[in-house]
Structure formats: C-alpha cells, structure tokens
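K.L.:
Only the shape, not the letters, is given here:
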C-alpha cells in the first residue's frame, strides 16, 4: 500500500475539513448566543452543540468524500484495487468458514450453508475450504434440529469431512468465546478464518477473492466486506435495505478514505488471518465497573484495534459484491439487538484509553460509542433549549442554523440518489429515476420519524448499561412473519408516546413559538405505536415491492445464491427434526426414539472418560424418571444433563424400544404413536431388486468424502 | 456376548427360515406385539422393503423363542429387541472390526449411505460384500476434524484509566500518536477560521 506519510496526510486533511465545518457551525452558534450574553447554561448548550454537530459533520463529510471518490471511479487506494478482477487464484491455503449460531432458525442456517457450499464448489476451489457450524444453542429442540440438519446436509451435498458441527457444552463468552474455542481446537490447521453470521450469505467467488487478497497482502490481518442487507419482507426491512444499498456505498467509501489500513471490523462477513488473531485478539476481562460487566459483549471493534496494534492491517473491502446479510424484521427486534450492541459499545470506553492502540482505532471506538451516546446528548440538548427559553435565556431556534443542520443531514441522501440515478444499470435495477426520488423522499421521512424514537430508546439503553443490569444474550430475531401485535407495539412505545405528548403540551403552553421546531422531534414518538406496527407489516413491504418502491438490484436481478436461499431446507430422508418443531420436549423424545437421531447424537457426544459412581447413579435415576414419568418430571437442567450423556441416551433408546409399549408413560406412548405415523410405509420389492451384488455397489456411489 | 458365527442359530441368507414362524409357547398376542415392535424399529431404520423386514424379523423371533424357552417368564418383546440389538452389534462389529468404531457409529455410517433403502438385502446379512464393507468403513461420519490444540490467551489489559484514573494520563495516551507539528497546524487553521468568521459576523 502507500507510504505512511501519504496515509497520514489523508487523515489530517479529513480532520481539517471536519474541523473547519465544525468551526463554522460553532461560530454561528456562538454568535447567536453572544448576542444575548453568555451564561453557564448557554455555555453548556454550546458544548453539547459542538459534540452533536461533530457527529453530523462527520457523517456528511464521509458521504461527500465517498460520493466524490466513487464518481472518480473509486478510491485508488483500496485493497480490492490491488488484484485484477480476473486474476486467476493460485493454490489456496486451508481456510475455515465458521458460522457461530445461537438458537437460530435451523432451516435458514443450513439452507444458507448449502447455498454457500455449492457456490464455493462451483468455483472449483471448494477443496481449500472447510465449513464449521459452531453452536451455542441453549434450546434443546434447536440443538437436536441442528444435528439432524447437519447430518442431512452432509448426506445431500456429500459434505462429510468438509462440513463440521460443534456444540459447546460450556458457552463461555458467547460468540467471541465460541470463535476463540474454535481457534484453540483447530485454528492452527487453517491460515484464514472467514466469520459469518447465522444470516450471512457469501458467494463462492467472494470467498476465493478474499483469500486471494489475503495471500497478496501478508501484513493484512482482517478484510471486512460490505455486507448488504437483502431479502427484506417487511416494510422496515425494505426501507433499511434500500438505505443501505443507496447511501451505504458513499459512507463506506468515505470511511475508507481516512481509515485505510485501520478500518473497522463488524464481526462477520470478514476474513481473518488466524495466527495473529490467536496471538493478539483473545478478549481480555474488563476491570470490574459496576453494571457494565467484565465480559466484552461487542468484540469485533476491539479485535480490530488489537490486531492493528500488533502491526497487522485491517482493510474494508467495500466494493466487492457477493456479501450479504439479513436485517431484523421490525423495530422491536432491531431494538433488542441494539440494546446488546449499545451495552457492548459502552464497554469500549475502557479501550479508548488502552495503551498502545493506534489513533484511528481509538476514533473507530469513539464513533461506535457515540453512535449510542449521542442519543442522551441530543435529549439533553433538546431539554436545555426550552429550559433556557423559559428562564429568559437564549432561544436556540435559528432558521439559519436549522438550514445548515438540514443541509448536513440531507446532503448524503441527495448525493446518493444522484449517484444511483447517474448509473444506468443501477437506475434501472432500482426502478428508474422517478421511483428513486420517491423512495429517497419516503426513506427520509421515515428516518426523521425514526431518529427521535431511537434517541429515546438509546438513552434508556445507556442508562441501563450503567445502572440497570445486563443486556443479556437473547436469540436474535431474524424473521417474524406475523410481526409484533398491537399489544406488543403499545408495550414497546406507549411510555415514549405519553412523554412526547406531555412535552408537546407543556411547550405549547409555555413557549408556543418553539412548538413547531420541537414537533419535528416529538412527532416520531407521538406516532410511534402505529408507526412501529405498520413498519413490521410484510403485506406493506411486499406491496411496496410490487409497486417498485425501495427496490435494490438484488431484488430485480437476484444472484443465484439469493434465489436458492429462498428455497426451504428440505431433508431428503430420515431426519425428523428440522426446525425445532412444536412441543417442548420434541427434540429429546425424538432423540430417544429415533435410531438415526439417537446414533447421530450419541456419536457426536464425546465419550465420558470417567464417571463417578455417584454421577452414574444420578444419571440412572434421571433415565428412570424420564421413562417412567415423562419429561415433565425433569427440570430443563436435568434434561440437558441426560442429552449430554451418550451412555444414558443409548441406554434409554434400547430400554424404550426393548419393552412393551403398554409399560411406557403416557407421554412416551403418545410420542411413539406420532412417531410411527411419520414413518415411511413398508413397500413390497421383488427378490431381484432386494439383492445387490458387490459389483453393483460402486465405491464412488457409496463412499462419501472423508 | 457370543460371536455371531457361534450363535446357536446364527441366521444367514442361506439358512432356510420359516418366515411365518410363530412360537406357540407364549400368549400369541405377546409375540404379535414383539413382531410389531420389531417391524416398527426396522421402519425406523428406514428398512421399508417388507420382504427383507420379514427375513430379519423371522430370524430375530426365532432367536428370541430359543431364549424364551430358557426363561418363560421373560417378555417376548424385550427378548426380541435384545436379540435384534445383539445381532446388529455383532454385524457392525464384523464390518468395523479393523476400525475400532462402535455400533452407534457403524449404524450412523449406514444411515449416511442409506444402506437400508438402497441395499436392504445387505442389512444384517451374513455375507458382507467387500465393496460394501469398504464403503461403510470409508464413510466415517465425523463432526470435527482431528484436534490440533493450541492456546489463545488474552494479553494483559493495559489501561490508563484502570491504573490511575487520571484524566491527564488518559488524554496523554489518547493523543500520543498525534504528530505535534500537524496537530499545531490543524489547531492554528481551525482557530484562524473561527476568529475570521467570528469577526465577520460581529
């Protein structure tokens, strides 16, 4: 890449432009306040203004820089530029593609895996890649469904020995712990690690390209791709994916301008050099600090900072296509994810002052913190303004300031729409100029309504991060066909609605002049209940698609991988648990009953080395209780204990089948009856068909890859 | 457990079996239930070929009947299923003898190969074709590659906030990488722009 001085000059030029724009805003605000005299309150307001203005200015500068670069055909300094698009890959080193999962939709995960596996093998380089499903699933049904789906997938694509499944008994440190556990066990067998999320999709050629780029740049530790959200059904998803496809390229190109070899890492859809990652990126425990906790929840930014500190580069590979993900289906699901991210980002405050990190890494960390910490500051700013007004201070409404702020906020959207319209192919894919303009306008109104709702929520999240308990690690909702009910929306947003209505009434009564300004902010929370409900609607989402609104190229010309992903994951034979079917103990029951699931489950469990007499007695008692009294007699923990024991599972299978049905507990009799109904019916075959001579069994036909 | 070859009535395709064999020494319904249970189990093993089912059921029931004669108090279903598991374990033992895998893994390999659907006549057959044995041996269902254990230890968390909680130290660390001259230039630029604009506005 380029010389250090050049990189440094770029960064400084970016800082200077930002500082200049910030200074302009600061001067305007200062002039306004000076006209009425400075007080402590107005000085506080001024400081808040500067912090918030810095955020807006940064966003706008990124977008303008990105637009300018993309107009010129892309940044000359970007990692993808260093390798011709058609350069043939040499022999590829061993690479592991890992997918950490936690109580996910099993069908979606394994269909995605099948698509990526087939896409990769179609490139002719599949032999260099191994896939790993790393499961931390706590739900017993999901666990069994995962095992079953893994076996079925391997059978169908002949992936034994290429697709692996690992279930952790102790789910220490969540996702980062899961990846670290993989590294400790198999990391040294691979030069690279491609980390995916459960909803990620990458094309085979993108996998190969990433490995090629890493091979070309031995000092690169991480390459992060720009994963585009796709396959949105609800209005919320379609609006977000339109925004990401339209505005996203400008922001990532702009970020690359100053980040260069110190880019961000989002924890998925990225390739990692395993050796330095293992050496430098194990997550430390944070010092005890109240509610923030000591275990890092958002590990990615920290990992990028640590690997950069060790001298390895981190690049954003933003112009490579073929990297996708799916967004949360509705606002409550998105907020659930944000709560965890917010808590994780607040923990990063420790790393702002960690010794030895590079300045761009600190800036990346700060940007991540401010993405959430900006919200309480905005709230303070909004609270400050009327208070000053009531107290005879300075009214902050200033048309010129407002126009400046709007220019900064809307410029990225305008430039992005202009860019989309100027590219004939993309314009057609997005439905033409008229639809792009309308979609951008609608998306702008949507963001204006959404922003204050998020502000209130993020403020709450920050409060709870520092004072109100852990964010936890719940299952991430990735699909929800029904969406939240009215009741759920009311529960989620009622408090904010009441707060906003009360604020509007008070301001209207005491300072009616300010009301029109504040309504811009208050309107979102006031209508948040119906807003959230209708955003979650798949019907509206699909209707908008039918009418050509918020279109993205992946909808008009979907690549093969995305087309295949929409097919259901269908087991060809055998597996009876695919998607965590109904019934609390369905997975446990099937694993005890079904010979295939039982032998699969038992084979995947590690053999116990030594079991104490007491433990053996306890297991025997649990087995007896389960068979005699049904699963309701056992606690979740006891059921999990049994499922983790190979001998217990095998012995229960034998005992259940080896005794008359009438002796079984009612639950087992019912489960067995249901099980029998699902079994294939016997068929008559001629004697000739039933006999196979050895020469009929061709090794290629029968032998799976090992 | 006795090896299959030494079993008093080891069955094989060559053995003439009465497929309608039905012991009369217990209550008929008990044996019917045993047959039914075996049949269900064979279906659960994906063996849908009714002719092959009968072949195996008859052989197992025959063995169970011998056991029943020795212990008339035993339940035929229990005896039949035990016999089935004994026979299948020995069969897998024979196939996987050189491999060290157990019956559960052998059964899993058979599921992976769809043995009971594709080659039902070979399932629990006395004569095992070499190609078939090779296929089962080659089809080792592994959930993970061989372990190559190594360490991944967190480096000590070196943090100025933790050490001193002193703002100057922390800010010093934060700005350590700033080039003084460039920082001064930038500050001067911003300051002059600020002064200029303030002057104009006033």
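P.N.:
Yep, it's here. As the structure is a computational prediction, the values presented were derived from the model and not from experiment.

K.L.:
just for chain B, where's the confidence low?
P.N.:
Chain B contains residues with pLDDT under 70 at B:1-26, B:98-101, B:160-202.

K.L.:
90 - rerun?
P.N.:
Counting by pLDDT under 90, the ranges of chain B that qualify are B:1-33, B:50, B:68-69, B:71-75, B:89-90, B:92-109, B:114-119, B:126-143, B:146, B:153-202.

K.L.:
domains of it?
P.N.:
Split into domains by automatic domain parsing, chain B comes to B:4-138, B:163-201.

K.L.:
do you know how far the nearest residue to residue A:280 once chain neighbours are set aside is from residue A:361?
P.N.:
Closest residue to residue A:280 apart from its sequence neighbours, by Cβ to Cβ, 6 or more residues apart in numbering or on different chains: residue A:310 at 4.2 Å. To be clear about C-beta, it is placed using only N, CA and C from the backbone, and glycine gets the same treatment. From residue A:310 across to residue A:361, the span is 11 Å (Cβ to Cβ, to the nearest Å).

K.L.:
Please say which of these two ends up with more neighbours.
P.N.:
residue A:361 (27 against 15; other Cβ atoms under 10 Å in any protein chain shown).

K.L.:
need the contact list for that one.
P.N.:
Residues in contact with residue A:361 (Cβ atoms under 8 Å, 6 or more residues apart in numbering or on different chains) are A:262, A:304-305, A:308-309.

K.L.:
Highest neighbour count among those?
P.N.:
Among those, the one with the most neighbours (other Cβ under 10 Å) is residue A:304, at 29 neighbours.

K.L.:
Skipping its backbone neighbours, what lies nearest that one in space?
P.N.:
residue A:265 (3.6 Å).

K.L.:
Touching, the one you found and residue A:303? I think so.
P.N.:
Yes. Taking contacts as Cβ atoms under 8 Å, residue A:265 lies within contact range of residue A:303: 6.0 Å.

K.L.:
joint contacts of the two?
P.N.:
Jointly contacting residue A:265 and residue A:303 under the rule Cβ under 8 Å, 6+ apart are residue A:222.

K.L.:
Would you tell me what helix or strand residue A:284 is located in?
P.N.:
Here residue A:284 sits in a region with no helix or strand, counting by DSSP states H and E.

K.L.:
wait, it sits on residue B:154?
P.N.:
Yes. Under the criterion of Cβ under 8 Å, residue A:284 makes contact with residue B:154 at 4.1 Å.

K.L.:
Neighbour count: these two, which is higher?
P.N.:
residue A:284 (20 against 14).

K.L.:
With residue A:545 as the reference, measure out to the residue lying closest to residue A:650 once chain neighbours are set aside.
P.N.:
With Cβ to Cβ, 6+ apart as the criterion, residue A:650 has its nearest non-adjacent residue at 5.1 Å, and that residue is residue A:602. Taking Cβ to Cβ as the measure, residue A:602 falls 47 Å from residue A:545.

K.L.:
Neighbour count: those two, which is higher?
P.N.:
Taking other Cβ under 10 Å, residue A:602 and residue A:545 do not tie; residue A:602 has more neighbours (23 against 18).

K.L.:
Can you pull out the residues in contact with the helix or strand harbouring the more buried one?
P.N.:
According to DSSP H and E, residue A:602 maps onto helix A:595-604. For helix A:595-604, the external contacting residues (Cβ under 8 Å, 6+ apart) are A:144, A:147-148, A:151, A:165, A:167, A:574-577, A:590-592, A:643, A:646, A:649-650, A:653, B:41, B:44-46, B:104-105, B:107-108, B:111, B:141, B:143.

K.L.:
How far off centre is stretch A:501-515?
P.N.:
40 Å (Cα atoms, centre = their mean, to the nearest Å).

K.L.:
out of everything not next to it in sequence, what's closest to residue A:452?
P.N.:
residue A:524 (4.2 Å).

K.L.:
cool, and residue A:567?
P.N.:
residue A:111 (6.6 Å).

K.L.:
and that neighbour, helix, strand or coil?
P.N.:
Here residue A:111 is recorded as helix under DSSP: H, G, I helix; E, B strand; the rest coil.

K.L.:
Surely it and residue A:568 touch.
P.N.:
Yes. If you go by Cβ under 8 Å, residue A:111 and residue A:568 touch, sitting 6.9 Å apart.

K.L.:
Who has more neighbours out of the two?
P.N.:
residue A:111 (21 against 9).

K.L.:
okay, now residue A:90: neighbour count?
P.N.:
Residues contacting residue A:90 under the criterion other Cβ under 10 Å number 9.

K.L.:
and what of residue A:232?
P.N.:
27.

K.L.:
can you tell me which residues contact it?
P.N.:
Residue A:232 neighbours (Cβ under 8 Å, 6+ apart): A:238, A:240-241, A:326-327, A:541.

K.L.:
Most neighbours among these, which one?
P.N.:
residue A:238 (28 neighbours).

K.L.:
is it true that that one lies in a strand?
P.N.:
No. Applying three-state DSSP, one finds residue A:238 to be helix, outside a strand.

K.L.:
residue contacts, it?
P.N.:
A:232, A:541, A:544-545, A:549-550 are the contacts of residue A:238 under Cβ under 8 Å, 6+ apart.

K.L.:
please redo it, this time with the cut-off set to 7 Å
P.N.:
Residues near residue A:238 by Cβ atoms under 7 Å, 6 or more residues apart in numbering or on different chains: A:232, A:541, A:544-545, A:550.

K.L.:
contacts for the helix or strand hosting residue A:641?
P.N.:
Here residue A:641 sits within helix A:636-643, counting by DSSP H and E. Applying Cβ under 7 Å, 6+ apart, the contact partners of helix A:636-643 are A:140, A:588, A:591, A:622-623, A:626, A:631, A:648-649.

K.L.:
Centre of the chain to it, how far?
P.N.:
30 Å.

K.L.:
Give the buried residues for it.
P.N.:
A:638-643 (16 or more other Cβ atoms under 10 Å in any protein chain shown).

K.L.:
And stretch B:64-77, by the same measure?
P.N.:
Those would be B:64-65, B:67-68, B:75-77, for stretch B:64-77 by 16+ other Cβ under 10 Å.

K.L.:
what's around residue A:676, how many residues?
P.N.:
14.

K.L.:
Quick check: it vs residue A:108, distance?
P.N.:
Distance from residue A:676 to residue A:108, by Cβ to Cβ: 30 Å.

K.L.:
same question, residue A:536
P.N.:
Remark: distance between residue A:536 and residue A:108 (Cβ to Cβ) = 19 Å.

K.L.:
quick one: which of these two has more around it?
P.N.:
The neighbour count for residue A:536 versus residue A:108, taken as other Cβ under 10 Å, is higher for residue A:536 (26 against 18).

K.L.:
Next up, phi/psi of that one, please.
P.N.:
Torsion angles at residue A:536 (phi, psi; degrees, to the nearest 10) stand at phi -80, psi 0.

K.L.:
looking at this, residue A:324 is in a strand?
P.N.:
Yes. Under three-state DSSP, residue A:324 sits within a strand.

K.L.:
which residues sit in contact with it?
P.N.:
A:200-201, A:227-228, A:230, A:562.

K.L.:
Out of the residues you listed, the closest to residue A:465 would be?
P.N.:
residue A:227 (26.0 Å; Cβ to Cβ).

K.L.:
what number of residues lie near that closest one?
P.N.:
23.

K.L.:
burial count for residue A:621?
P.N.:
Residues near residue A:621, counting by other Cβ under 10 Å, number 11.

K.L.:
what's the helix or strand for it?
P.N.:
Element membership for residue A:621 (DSSP H and E) is helix A:613-629.

K.L.:
Just the buried residues of that helix, please?
P.N.:
A:619, A:622-623, A:625-627.

K.L.:
Which two of these have the greatest separation?
P.N.:
Distance extremes for the buried residues of helix A:613-629: the farthest pair is A:619 and A:627 at 12.6 Å, using Cβ to Cβ.

K.L.:
residues in contact with residue 64?
P.N.:
Going with chain A. A:411, A:415.

K.L.:
try chain B instead
P.N.:
Residue B:64 makes contact with B:34, B:76, B:79-80, B:83, according to Cβ under 7 Å, 6+ apart.
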